[in-house]
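[1] Got a predicted structure here, sequence first:
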Amino acid sequence: MAAVFRKNPICQTHLRFHRLNLLDEEVLAFFDYYVSLPSRPMILSLRFEKKMSVALVEAINDKYNDAGFETEFDRLPTTPFNSIEIGENDIVYCKYFLNYSLSSELSPKGYF
């Protein structure tokens with residue numbers, strides 16, 4: 001993902017990746033690159049084909065904090081999740097969803 005984004009550095013207002021089949025390490029490599037960008041989309045959506053580990057939540061938060069951003073979480077997951085919504089304004093808002101339906105690309109089905 002990071003390699004594709006590097007080759008196409010156009011910053012839109014919304015960036016959505018669907019049907020991702022990635023390891024936690026690959027997601028974190030993307031966030032290493034993503035938080036270093038001088039300009040990022042206001043909304044980032046990641047939809048995974050499999051459930052991601054709860055430990056990934058803290059690691060993503062650390063990436064933002066290490067880059068100097070304040071983060072706020074809405075409904076921190078206590079079980080694996082398969083969808084992330086991140087909004088940026090003066091603060092970074094992170095939402096994690098469980099049971100995101102791949103058959104519906106419009107919205108997650110449930111919050112934690």
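    Received, thanks.
[2] how about the strands of this protein, start to end?
    Applying DSSP state E to the chain gives strands spanning 14-20, 43-52, 71-74, 81-88, 92-98, 110-111.
[3] wait, what's in contact with the residue most central in space within the chain?
    Central residue of the chain (CA atoms, centre = their mean): I84, 4.5 Å from the mean position. Shown in contact with I84 (CB atoms under 8 Å, 6 or more residues apart in numbering): 44-46, 60, 94-97. Heads up, the C-betas are built off the backbone N, CA and C, glycines and all.
[4] quick one: Q12 and R40 touch, right?
    No. Contact between Q12 and R40 fails when scored by CB atoms under 8 Å: they sit 9.8 Å apart.
[5] Looking at the two now, which is surrounded by more residues?
    R40 (16 against 10; other CB atoms under 10 Å).
[6] where does the more buried one sit relative to A67, distance-wise?
    For R40, the distance to A67 equals 10 Å [CB to CB, to the nearest Å].
[7] can you check Y34 too?
    Y34 sits 9 Å away from A67, going by CB to CB.
[8] More neighbours: which of those two?
    Using other CB under 10 Å, the more surrounded residue of Y34 and A67 is Y34, with 20 against 14.
[9] Tell me the confidence at H14?
    pLDDT, H14: 84.
[10] Show me where the chain dips below the pLDDT cut-off.
    1-11, 74, 99-112 (pLDDT under 70).
[11] check contacts around L23.
    Contacts of L23 by CB under 8 Å, 6+ apart: none found.
[12] Kindly report the same for the one 4 residues further on.
    When contacts are counted by CB under 8 Å, 6+ apart, V27 is found next to 20, 46, 52, 56, 60.
[13] Export these as JSON lines, with columns for distance to E88.
    JSON lines is the format used below for those (distance: CB to CB, whole Å):
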{"residue": "L20", "distance to E88": "20"}
{"residue": "L46", "distance to E88": "14"}
{"residue": "M52", "distance to E88": "20"}
{"residue": "L56", "distance to E88": "19"}
{"residue": "I60", "distance to E88": "13"}
